[in-house]
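> A predicted structure for the sequence below; I have some questions about it.
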Amino acid sequence: MQLRTDGRQPLTEISRKIHMPVSTIFDKVRANKGGMIKRFTCLLDFRKIGFNCRAHMVFRIRKDHREEMQNYLLKHPNVNSAYKINNGYDFLVETVFRELKEVDEFLERIDEKFKVHEKNIYYIIDDIARERFLTDKIHAELIGML
């Protein structure tokens with residue numbers, strides 16, 4: 001929970017907060033790296049670095065084009081996250097662009113390259129909560145970690 005809240009805090013600080021020896025915390029982090037802990041990262045304010053347009057997109061693609069579409073999304077520099085999904089769609093894609101015109105160009109290229117049956121675009125106005133799960137004591141209690 002402490003790593004989810006602030007992954008940059010020293011292990012000694014975490015040790016004081018949760019009353020656990022630093023060596024135990026270190027061993028647990030090292031043992032879970034690559035397992036429960038997929039990677040260490042930070043959350044960026046994309047607007048502060050000039051990327052003012054974020055959008056979530058869902059696509060329904062013809063079956064024989066899905067693998068090609070997946071590879072395209074994995075290589076595209078403006079795709080922040082991509083997921084295979086269900087309930088009538090194949091992909092959910094989180095994108096980050098400098099301006100709206102780039103979003104339109106991205107969508108035009110996808111329409112040209114792939115057999116898109118259906119798509120919906122949802123522009124992100126503001127973050128209400130982001131990467132919040134397991135950052136509060138109540139979350140840990142819910143899953144029995146405390």
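Arrived safely. Treat the numbers as computed from the prediction; the structure is a model and nothing was measured.
> Now residue 8: closest residue in space, sequence neighbours ignored.
residue 42 (7.9 Å; CB to CB, 6 or more residues apart in numbering). C-beta coordinates here come from the backbone N, C-alpha and C atoms, glycine included.
> helix or strand for the one you found, which one?
Here residue 42 sits in a region with no helix or strand, counting by DSSP states H and E.
> Could you tell me the phi and psi values at the residue of the chain most remote from its centre?
Each residue of the chain has a distance to the centre, and by CA atoms, centre = their mean the biggest one is for residue 21: 31.5 Å. Dihedral pair for residue 21: phi -60, psi 140, per degrees, to the nearest 10.
> Distance of it relative to residue 79?
When distance is defined by CB to CB, to the nearest Å, residue 21 is 42 Å away from residue 79.
> that older thread, residues contacting the residue farthest from the centre of the chain?
residue 15 (CB atoms under 8 Å, 6 or more residues apart in numbering).
> mind redoing it with 10 Å?
11, 15, 27 (CB atoms under 10 Å, 6 or more residues apart in numbering).
> what would these look like in CSV with pLDDT and neighbour count?
Formatted as CSV, those follow (pLDDT from 0 to 100; neighbours: other CB atoms under 10 Å):
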residue, pLDDT, neighbour count
11, 79, 17
15, 81, 17
27, 80, 11
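> Nearest to residue 98 among those?
The closest of the contacts of residue 21 to residue 98 turns out to be residue 11 (CB to CB; 38.0 Å).
> do you know how far that closest one is from residue 131?
21 Å.
> Residue 36 now?
Separation of residue 36 from residue 131 (CB to CB): 15 Å.
> And residue 92, by the same measure?
Distance of residue 92 to residue 131, given as CB to CB: 17 Å.
> So for these two, which sits in the more crowded spot?
residue 92 (16 against 10; other CB atoms under 10 Å).
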